[in-house]
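In: structure for the following, please:
(chains A and B)
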Amino acid sequence: MIDLLPYLKELISAPGISGYEVGVRPIIEKAWQPLTDQQKVSRLGSLHGLQHGTAPEPRPSILVAAHMDAIGLMVNAIVDGFLRVTTIGGIDLRVLPGQMVTVHGRQDLPGMIVPTPARLLPSRLPSGIVPLEYLLVDVGLLPQDVGELVRVGDPVSFAQPPLETGGETLVGHTLDDRAGVVALTYCLEILRSRPHAWDLWAVATVQEETSYGGAQTSAFQLHPSICISIDVTFGSEPSSPGYLTFPLGKGPTLGLGPVVHPFLYKTLKQLAERLEIPVSVEPTPRSSATDSDAMVSIAEGIPNAVIGIPLRYMHTPIEMIALKDITRTGRLVAEFIAQLDGTFIDKMTWDD
Amino acid sequence: MVQLADEFIHFDIGDEQVRLLERLSNACAVSGDEAEVRKIVISEIKSYVDDIKVDALGNVLATRNGSREPRLRVMLAAHMDEVGLMLTHDNGDGIYRFEVVGGISASDLAGKAVLIGREHIPGVIGIKPIHLLHGNDHRKPIDIDDLHIDVGTVTGKEKVGDRATFATQFIRLGPSLRGKALDNRLGVATLIELVKHATDNFDLLAAFTVQEEISARGARVAAFTFNPDLAVALDSTPAYDLPDWEADENVRYNTHLGAGPAIYIADSSTLSDPKLIRYMIQVAEENHIPYQLRQPGGGGTDAGVIHKQREGIPSISISVPGRYHHTSASIVRLSDWQHTFKLVMIALAQLSTDVLSAES
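Out: Numbering: from 1, shown residues only, chains lettered A, B, ... in the order given. Here you go, the predicted model:
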């Protein structure tokens, strides 16, 4: 058995902003090595791990996606030994000043996003949020050394170390969606010793935070009969409205909306009830903001389901997640795959 | 001129002192609860001093007597406290309201990890995810009343009244050092070394003070107790030596990293004693120690209350420049700390009663 907490901490400590997932992929490859029959890396860098099913060929297959990329920053200019940066993915400027980062230059350099003194900002700016163009990163080195070690285009990752918080929760950056990768790994582990009829493609996708480009191309290449996205969703806490959020430690969410096939939703919900895995319904009235938004319209169209792990303070370096929700998610997906049989595709109809 | 003692000519701030600074920086000592730093200070200096006590407010007051005559009684003050937070209300489910102790802005708190109480219980100050904001909300300043500390779903180890600090861990960055509370653990570390290496031509009255960040109550009573001939506040002052987005040239830098110790002439609470300013500059120049004059202006140190104590005490402040004080971390240059130590060490070793009798 993989010890999930150290594995998750290792994953969130590895770099891998969108497009530069090469920093985290080897850790997933190593974990999946004994759990899969075959591993391949897609042209865009997504990791495909295959667990063969037991049904006679040609077998149907299911693709389960969790994205391995992280939001982050990128150097776009060097000014007097300080680095100017741009954003990769949905970065919240309100939390940037004073954050610790790692600049991936010729060597990894610890840096800090400058909490810009108001006196140095243009006086016309409204007080409060420092616009991106005035944000700098300070790596503490002399300007000539910065010039030698850092180039425009170098990726920058958050460096907030993981923190174990109360009630078996974990704090860190990039729990979105390395927690999903751990849930998927746990699912692979359960199914390793559990016969299942369908082929299972576990996919750690790239570039979810920027374009869904990884999921889109892997779903086309692998052409599965069903896709499931495991991603994070909004955890309840005092600063977010309760009607849009889900409690930590009370189980995953099942997405319900246009990108989710109603039969898959219904099957997962009934399965969760039978297994006594607590779940919440997450209405996603337009799109799901997960890899499924891309995978649903690949080729002839693919039925999708979306499972969310509640996470507080999304897209900040101090995301918080409950470990129990990760294992429940992995178990629910594993049980779902274990019950897929030769008749499932025929049963997957529209209840009109 | 007094013969320079070998011990301070050969001694320099090195790896051992950086490790001490690391321990001091990682310790949590918000104004009013300086225990963690006090403990380190006492264990470091107790075998070097003639007298040591903790006074009514929590200051560590230590005396190391000189032996030559005549000699001055010199108070050196370094504040142990740091800006931070206090838990003020338990909302249940691991959520606490807090208030700020000292000058920290809400924008520096949002999205940061904190450590709570003596056991350093981890928590976070989260904000509403950007995905759930409406319209222009992401451009609006953070309101401190909307922030809370979240320690996870349950723990029970923290309680209302506990202090919290940024969870930043100290690190060395090439020629620089980065850590929280370097304002003023740098001063504390400098004073510890000055106590250890003091020469015998003066009485060293070391005040490791409390509550500097919230009105300098500690220094006020420490100066009364010591009743010194002169005082030097050892602190760390902001370096705003960044690009100025408003002007072609940054003329509001306060101090620069790498330019040596900052000698105070005037801040908002003190006009430094001109004789002491002149003496410090003379020592720096004669010994080829780089120094800078802190831009006269705002800010303040323990000297603000010390110079007005009793009948008046000639005072000056010397600071190591540091970027980003009162946020999650400061960045300072090791060489500035080394030069600060050297300047004060030699100034003390060469100190005679003439310094105060010189015509202003």
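
In: pretty sure A:Val103 is in a strand, no?
Out: Yes: counting by DSSP: H, G, I helix; E, B strand; the rest coil, A:Val103 is found in a strand.

In: nearest residue to the residue of the stretch 101-250 of chain A found nearest chain B in space, please, no chain neighbours.
Out: Nearest residue of the stretch 101-250 of chain A to chain B: A:Gly128, at 2.7 Å (C-beta to the nearest C-beta). Backbone N, C-alpha and C define where each C-beta goes, glycine included. Once flanking residues are discounted, A:Gly128 sits nearest to B:Pro141: 2.7 Å by C-beta to C-beta, 6 or more residues apart in numbering or on different chains.

In: isn't that neighbour up against A:Leu125?
Out: No: B:Pro141 is not in contact with A:Leu125 according to C-beta atoms under 8 Å; the separation is 11.3 Å.

In: who touches the residue in the stretch 201-350 of chain A positioned nearest to chain B in this structure?
Out: Closest to chain B within the stretch 201-350 of chain A is A:Tyr313: 3.5 Å, counting by C-beta to the nearest C-beta. Residues counted as contacts of A:Tyr313 (C-beta atoms under 8 Å, 6 or more residues apart in numbering or on different chains) are A:Gly235, A:Glu237, A:Glu319, A:Met320, B:Gly111, B:Val124, B:Gly126, B:Ile127, B:Pro129.

In: neighbours around residue 105, how many?
Out: Since no chain was named, I'll use chain A. For A:Gly105, the neighbour count with other C-beta atoms under 10 Å in any protein chain shown is 20.

In: meant chain B actually
Out: Around B:Ser105 there are 19 residues (other C-beta under 10 Å).

In: looking at chain A, which helix or strand is least sure?
Out: In chain A, the helix or strand scored least confidently by mean pLDDT, DSSP states H and E is helix A:344-347, which has a mean of 94.

In: next: chain B.
Out: Per mean pLDDT, DSSP H and E, bottom of the list for chain B is helix B:6-10, a mean of 54.

In: ok, how many other residues are close to B:Ile346?
Out: 20.

In: where does it land in three-state SS?
Out: Of the three states, B:Ile346 takes helix under three-state DSSP.

In: what's the distance between it and A:Ile88?
Out: 51 Å (C-beta to C-beta, to the nearest Å).

In: same check, this time on B:Phe202
Out: Distance from B:Phe202 to A:Ile88, by C-beta to C-beta: 58 Å.

In: if we can go back for a sec, show me which pair in the contacts of A:Tyr313 is furthest apart.
Out: A:Gly235 and B:Gly111 (15.1 Å; C-beta to C-beta).

In: let me know the pLDDT of B:Ser360.
Out: Listed pLDDT for B:Ser360 reads 54.

In: so B:Gly117 makes contact with B:Lys157?
Out: Yes: here B:Gly117 lies in contact with B:Lys157, judged by C-beta under 8 Å, at a distance of 7.4 Å.

In: higher neighbour count, those two?
Out: Using other C-beta under 10 Å as the criterion, B:Gly117 and B:Lys157 rank with B:Gly117 on top: 16 against 13.

In: for the nearest residue in space to the more buried one that is not next to it in sequence, give me its contacts.
Out: Nearest non-adjacent residue to B:Gly117, counting by C-beta to C-beta, 6+ apart: B:Asp162, 3.9 Å away. By C-beta under 8 Å, 6+ apart, the contact list for B:Asp162 reads B:Met86, B:Leu87, B:Ile116, B:Gly117.

In: nearest to chain A among those?
Out: B:Ile116 (10.7 Å).

In: the closest one: neighbouring residues, count only.
Out: Neighbour count for B:Ile116, taken as other C-beta under 10 Å: 26.

In: quickly list what it is bridged to.
Out: Counting by DSSP bridges, B:Ile116 is bridged to B:Ile121, B:Ala164.

In: what sits against it?
Out: B:Leu87, B:Pro122, B:Gly123, B:Ile149, B:Val151, B:Glu158, B:Asp162, B:Arg163, B:Ala164.

In: equivalent analysis for A:Pro195, please.
Out: For A:Pro195, the contacting residues are A:Thr54, A:Ala338, by C-beta under 8 Å, 6+ apart.

In: let's verify it: helix, strand, or coil?
Out: coil.

In: cool, and A:Ile62?
Out: Under three-state DSSP, A:Ile62 comes out as strand.

In: cool, A:Val333 as well?
Out: Here A:Val333 is recorded as helix under three-state DSSP.

In: that one and A:Val64 touch, don't they?
Out: Yes: using C-beta under 8 Å, A:Val333 is in contact with A:Val64, at 6.0 Å.

In: which neighbours do those two have in common?
Out: Shared between the contact lists of A:Val333 and A:Val64 (criterion: C-beta under 8 Å, 6+ apart) are residues A:Leu184, A:Cys187, A:Ile228, A:Ile230.

In: strands - which of the residues you listed land there?
Out: If you go by DSSP state E, those have A:Ile228, A:Ile230 in strands.

In: wait, which of the shared contacts of A:Val333 and A:Val64 is closest to A:Pro117?
Out: Minimum distance to A:Pro117 across these is 42.6 Å, recorded for A:Ile230 (C-beta to C-beta).
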